[in-house]
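*Asks:* let me see the structure of the following:
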Amino acid sequence: MSYFVYRLISPRTTFPKDMTDTEAKVMKAHSTYWSDLASKKIAIIAGPVLDPMGMWGLAVVEAKDKSEVSTYVTNDPVIKANIGFRFEIHPMAQAILRK
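*Replies:* Below you'll find the predicted structure:
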């Protein structure tokens, strides 16, 4: 198995302070989705990153290849909703895990 970083990029730098009702509903589904992947030991960690340039989401995913991660990402409710979020997927060259 390999490890990948999924970076979820918000539709604007002011997000989530000015989140719409639709965005809030989709973000709740997004959180539930990634909580489920974490409980299945697919996502190792997931959550928002408080970057001063604008908040973004991070997940570290264990998968056999990038294609598998792409499947998780394209099924993410926030991506499926097509409301302005973008994403990046990057393989990790090495992962040191705590025991």
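*Asks:* what ranges do the helices span in this protein?
*Replies:* 21-39, 66-74, 77-80 (DSSP state H).
*Asks:* highest average neighbour count across those?
*Replies:* helix 77-80 (a mean of 18; mean count of other CB atoms under 10 Å). Every residue, glycine included, has its C-beta placed from N, CA and C.
*Asks:* other SSEs contacting that helix?
*Replies:* helix 21-39 (3 or more CB pairs under 8 Å, 6 or more residues apart in numbering; DSSP states H and E).
*Asks:* about what we covered before: redo the helices of the chain as a markdown table? Include distance to residue 55.
*Replies:* Putting these into a markdown table (distance: least, CB to CB, whole Å) gives the following:
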| stretch | distance to residue 55 |
| --- | --- |
| helix 21-39 | 11 |
| helix 66-74 | 18 |
| helix 77-80 | 13 |
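*Asks:* out of those, flag the one nearest residue 9.
*Replies:* helix 77-80 (10.5 Å; CB to CB).
*Asks:* what separates the closest one from the chain centre, distance-wise?
*Replies:* Here helix 77-80 shows a centroid-to-chain-centroid distance of 10 Å under the convention CA atoms, centre = their mean, to the nearest Å.
*Asks:* give me the contacts around it.
*Replies:* Contacts with helix 77-80, where a contact means CB atoms under 8 Å, 6 or more residues apart in numbering, come from 8, 26-27, 29-30, 33, 73-74, 85, 87.
*Asks:* ok, so of these, who is nearest residue 56?
*Replies:* residue 8 (6.1 Å).
*Asks:* from residue 65, how far off is the closest one?
*Replies:* When distance is defined by CB to CB, to the nearest Å, residue 8 is 20 Å away from residue 65.
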